[in-house]
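Undergrad: Here is my input, please return the structure:
(2 chains)
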Amino acid sequence: MLNHQYTRYSLATRGSGRGWQLLGFTFAALAGFLSWAPVARAQDSTIRAIQNIFDPLSAPAETLYQISLLVMAVCAVIFLVVGGLLTYAIIRYRRRGPEDDHEEPPQVYGSAAIELAWTVPPILIVVMLVLVTARTIGEIQHPKMPETAEQVRIIGHRYWWEVRYPKHDVVTANEIHVPLSSRTNRLPTQMVLESADVIHGFWVPQLNGKTMLVPNYRNTMWIEPYATGIYLGNCTVLCGQQHANMLIRVIVDKPEVYRKWLESQKQAPVSDPQVAEGQQQFISNSCGTCHHIENARGATGVFGPDLTHFSSRATLGSGVAPNDDQHLRSWLVNPQDLKPGCLMPNMQLSSNQVDSILAYLRTLK
Amino acid sequence: MANSTDTLKEIGTELAPAPPGHEHGTLTAWIQDLIFTVDHKKLGFMYIGMGWLFFIAGGILASLIRLQLAVPNNHVLDPEAFNGAFTMHGTAMIFFFAMAMVFGLANYVVPLQIGARDMAFPRLNAFSFWTTFFGGCFLFTSYVAGPGLYGTGAAPDASWFALAPLTSRAFSPGNNIDYWSLGLLISGVGTITGGVNVMVTIFCYRCKGMTLYRMPLFTWMVLVTMFLVVMFFPPLSAAQIMLVLERFFGAKFFEAQAGGSPVLWQHFFWIFGHPEVYILVLPAFGVISEVIPVFSRKPIFGYPMMVAASVMIGFISAGVWAHHMFTIGMDSFSVTFFAFATFVIAIPTGIKIFNWLGTMYGGKLRMEIPMLFCIAFLFQFLIAGLTGIMLGCAPFDWQLNDSYFVIAHFHYVIVGGIVFGVFAGFYYWFPKATGRLLNTRLGLWHFWVFTIGFHLTFDPQHFLGILGMPRRIYTYQEGRGWEFLNMLSTIGAIIQGIGAIIFIINMIWSARKGKIAGDDPWDAWTLEWTTTSPPPEYNFEEIPEVRSRRPLWDLKHPEDPDWKFE
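TA: Numbering: from 1, shown residues only, chains lettered A, B, ... in the order given. All right, here's what the predicted structure looks like:
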């Protein structure tokens, strides 16, 4: 499991300071491997909910982590020096009592030498920081992408994410599957970020920093995760009432598991005669005006998430609730209960209609 | 002005100094006087009163925000009310609390410090106050009047920097955004005219002998501030006009579908927004530069460097705005340039901190309440500056931007820096303005409760940002590691609120029953302490003449005057 250490930076600095972490990680990975060995071709469902920016699990996040350590070290030294001098001055020169008031202290107006002395070190620090920053900016913004790089187009909508895989002609929503990258098999993912309405922000701290999704602009960012699992993230730019529940899930899997997922997403859903009633209700209640479902006549909308493989997703409403029958029923009865202010209106469905639509949606795997 | 000064001079000699505490007369007479007054001291008072009013309003909104975020999946506020709460909190605190404090202190103190009888344009001064005040009232009427027309959101809810295109008609129907943009447009007029007024006053109304080189540092920093106001409020007003044109007349400045650019708004907003930080913090620096020397019993260390650093901050602040936009997808050259400019601004700021340190070094520090606030300011501003360097480092900012780390950082600047500076100035000049000292015991309670509350509120927020909590979310799910820190932050906010209440009690009690201060309670050195407390309407019976930066030191120490050394 050490194979994620392939970047120059990682090799240079990972060894010392984070040795214990690496050790723990190795043990965890080993234990994970042993327990998963019989079902190695299944998805890793570890949820990485605690997204500490100082615990990066992807190449660009690692680079950001390195420079942030440097900057914080510089700041810590400045804080200790200046804070120490301040504390010393406050304790040493405080008024000792009324007897201190008879005489004013010596009146000192300044000293060119001292002032010059404390102006030069900050200038040197600034020069150093600028050079390091410039170098890191280049490293992040102009990466060398191998031919094998996966491509994902992410389009922010008010309170959900549209996810497209242009190489594979796959469309999904909110849950972004990407392959695991390793030294022997580099598989970074290049993301193109766009917006359909207002400005959004894409941020999964352990994978990379954040980038805004601005209408009419095509921003890019890349990730290169070296640990499998489900990474949680958030929209970071206020986009309206449900900004808080515009959640991100990035699912990192071994390349073979990822390819299997891609294959399953390419399949058109099987039309099941048992749920024909549900499909009929779906269309006649104009759900299809906003939602697209492959092979369902009339379900051609682009305003809401593509539902072709809806039941293969673990969450609904962009991560607001688990995709189980109870929550899905609540969502169909009134989406405004789970996600007040979201753009899907209460469709005033009867409970029979809800049942049949629910049954239909469950066949969309 | 010239005429009225002459008349005042004649009458002035016969008038007894105004008694401390309340003016005599009926309530109506008092209100009438407030409405029609053009006296810089009364207007300064009103600015400060308005500031505290909006501070309370903004504080209540902040408490609601913190209550909502105390636990995951909370239901104190619905999402719409929450978005309104933080938008109004930010707007009220920046434009109607902090700006009012800047103008209130400048109005009250600057003419006294430069030995003038009033502002250059007293009636324009009243106009500035009333437009600012009405702008604030107009903004808050949206809570009452906003929903009537289209049945949509009551308060503006697009955050205080109102990123386009969220503010366009398509995404923000109703009139709430119009209340926001028009409210700021109206108050912006008052702010810009106020800035011109203070500038002219400083340039043209200094007493005899007070060269720019002998001006007290508070006045110097207010001067730099007013330059920034006059230069950088117009871009904000221009942006508001564009927004109004877009919302009412179909202009397409920011609408992507029609070929406009949402990024344009951000440039306009931040080219105002970043200098705004310095507009707010420079007067606080000024207060600190007055209080630390007096309570250390030494002149400010390196006065010329202090002035130069302020002017440098003013200049550089014009060229750093895009560091608020590092995540917008800028090219590498621009990112590097703005990171560089941001680091550079740390140099003059560092010089200031060192000079304050140099002032304290070798002095006899009197730990009175204003000095306590200054000392807390120094530590907090140091931390704020260092987290600012972290945010200025663009790659680090890609992680920290728009997270709670940023919230913690700028609250360290605005509360830990500016509000603490305002408190220091308030305890320092309150005896001059009212004739009575603020109560020390209550002051100590205020200082410690507020400081502890401040740290408990904002220290954990740094870690929330590091753990990936984005700003402006009305709720969060369990298990993200944010529960404990959010709870801590909410408890801190409540403690901070208690501290603020103690302060308000102190203010009201001391104004009536505080110890009589006398003309010069702190044994200070600048001109405002030569006149009575409170000063008469004409400020000085005779316009003073100064020979150094510390005219009162010269008077008190004729054997060792400053002018020999300057």
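
Undergrad: how close does the residue nearest to residue B:552 when sequence neighbours are not counted get to residue B:214?
TA: With Cβ to Cβ, 6 or more residues apart in numbering or on different chains as the criterion, residue B:552 has its nearest non-adjacent residue at 4.4 Å, and that residue is residue B:525. In this view, the C-beta of every residue, glycine as well, is placed from N, C-alpha and C. Distance from residue B:525 to residue B:214, counting by Cβ to Cβ, to the nearest Å: 12 Å.

Undergrad: quick one: stretch A:64-71 near chain B?
TA: Yes: shown here: stretch A:64-71 in contact with chain B (Cβ under 8 Å from any Cβ of the partner chain) through A:64, A:67, A:68, A:71.

Undergrad: got a winner among these for most neighbours?
TA: For those, the largest number of neighbours (other Cβ atoms under 10 Å in any protein chain shown) sits with residue A:64, at 28 neighbours.

Undergrad: tell me the average confidence for the helix or strand where it lies?
TA: Under DSSP states H and E, the secondary-structure element containing residue A:64 is helix A:59-92. What helix A:59-92 shows for mean pLDDT is 95.

Undergrad: How about stretch A:330-338?
TA: So the average pLDDT for stretch A:330-338 ends up being 94.

Undergrad: same check, this time on stretch A:286-299
TA: Along stretch A:286-299, the predicted confidence averages to a pLDDT of 91.

Undergrad: Quick check: end-to-end length of that stretch?
TA: 8 Å (Cα to Cα, to the nearest Å).

Undergrad: May I see the buried residues of it?
TA: Within stretch A:286-299, the residues that qualify as buried by neighbour count (16 or more other Cβ atoms under 10 Å in any protein chain shown) are A:287, A:288, A:290, A:291, A:292, A:293, A:296, A:299.

Undergrad: And for stretch A:127-144?
TA: Of the residues in stretch A:127-144, those buried under the neighbour-count criterion (16+ other Cβ under 10 Å) are A:129, A:130, A:132, A:133, A:134, A:136, A:137, A:139, A:140, A:141, A:143.

Undergrad: Would you mind listing what in the stretch 151-300 of chain A touches chain B?
TA: Near chain B, when you scan the stretch 151-300 of chain A using Cβ under 8 Å from any Cβ, you find A:158, A:193, A:197-199, A:201, A:203, A:205, A:208-212, A:214-217, A:219-220, A:232-245, A:247.

Undergrad: returning to what we had before: would you point out the most distant pair within the buried residues of stretch A:286-299?
TA: With Cβ to Cβ as the measure, no two of those lie farther apart than A:290 and A:296, at 13.1 Å.

Undergrad: one step back: so what sits against both of residue B:525 and residue B:214?
TA: Taking Cβ atoms under 8 Å, 6 or more residues apart in numbering or on different chains as the criterion, residue B:525 and residue B:214 both touch residue B:549.

Undergrad: Look at these two and report which has more neighbours.
TA: When neighbours are counted by other Cβ under 10 Å, residue B:525 and residue B:214 differ, and residue B:525 comes out ahead with 24 against 19.

Undergrad: any residues touching stretch A:249-265, and which ones?
TA: In this structure, residues lying in contact with stretch A:249-265 by Cβ under 8 Å, 6+ apart are A:40-44, A:165, A:168, A:170, A:172, A:174-180, A:185, A:187, A:204, A:207, A:223, A:225, A:227-233, A:308-309, A:312, A:314-315, A:319, A:365.

Undergrad: Could you list the buried residues of that stretch?
TA: By neighbour count, with 16+ other Cβ under 10 Å as the criterion, the buried positions of stretch A:249-265 are A:249, A:250, A:251, A:252, A:253, A:254, A:257, A:258, A:261, A:262, A:265.

Undergrad: pull the helix or strand with minimum mean pLDDT from chain B.
TA: Of all regular secondary-structure elements in chain B, judged by mean pLDDT, DSSP states H and E, the least confident is helix B:2-12 with a mean of 45.

Undergrad: For residue B:80, give me phi and psi.
TA: Dihedral angles of residue B:80 (phi, psi; degrees, to the nearest 10) stand at phi -70, psi -50.

Undergrad: repeat for residue A:200
TA: phi -120, psi 170.

Undergrad: do residue A:199 as well
TA: According to degrees, to the nearest 10, residue A:199 has phi -80, psi 130.

Undergrad: coming back round to it: helix or strand right after the least confident helix or strand of chain B?
TA: Next in sequence after helix B:2-12, counting helices and strands by DSSP H and E, comes helix B:27-36.

Undergrad: Output that next one as CSV, nothing but the C-alphas.
TA: Once side chains and other backbone atoms are set aside, the C-alpha atoms of helix B:27-36 remain, and they are given as CSV (Å, rounded to 0.1, in the frame of the first residue of the first chain):
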residue,chain,number,x,y,z
LEU,B,27,-37.3,65.7,25.4
THR,B,28,-38.7,67.5,22.3
ALA,B,29,-36.0,70.2,22.6
TRP,B,30,-33.4,67.5,22.9
ILE,B,31,-34.7,65.6,19.8
GLN,B,32,-35.0,68.8,17.9
ASP,B,33,-31.5,69.6,18.8
LEU,B,34,-30.3,66.2,17.5
ILE,B,35,-32.1,66.6,14.3
PHE,B,36,-30.9,70.1,13.5
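
Undergrad: how much distance is there from the next helix or strand after that helix to the middle of the chain?
TA: Helices and strands here follow DSSP H and E; after helix B:27-36, the next one along the chain is helix B:40-69. With Cα atoms, centre = their mean, to the nearest Å as the basis, helix B:40-69 stands 11 Å off its chain's centre.

Undergrad: in helix B:40-69, what counts as buried?
TA: Taking 16+ other Cβ under 10 Å as the neighbour-count basis, helix B:40-69 is seen to contain the buried residues B:40-48, B:50-59, B:61-66, B:68-69.

Undergrad: Taking helix B:27-36 as reference, get the angle to it.
TA: Computed with axes from the mean of the first three to the mean of the last three Cα atoms, to 10 degrees, the direction of helix B:40-69 lies at 90 degrees from that of helix B:27-36.

Undergrad: Give me the helices and strands touching helix B:40-69, please.
TA: Taking 3 or more Cβ pairs under 8 Å, 6 or more residues apart in numbering or on different chains; DSSP states H and E as contact, the helices and strands that helix B:40-69 lies on are helix B:27-36, helix B:79-91, helix B:99-113, helix B:122-145, helix B:420-434, helix B:483-513.

Undergrad: and the direction of the second one versus that of helix B:40-69, what angle?
TA: Using the same axes, to 10 degrees, the interaxial angle of helix B:79-91 with respect to helix B:40-69 works out to 150 degrees.

Undergrad: Quickly name whichever of the residues of stretch A:64-71 next to chain B is closest to residue B:400.
TA: For these, the minimum distance to residue B:400 (Cβ to Cβ) is 8.4 Å, reached by residue A:68.
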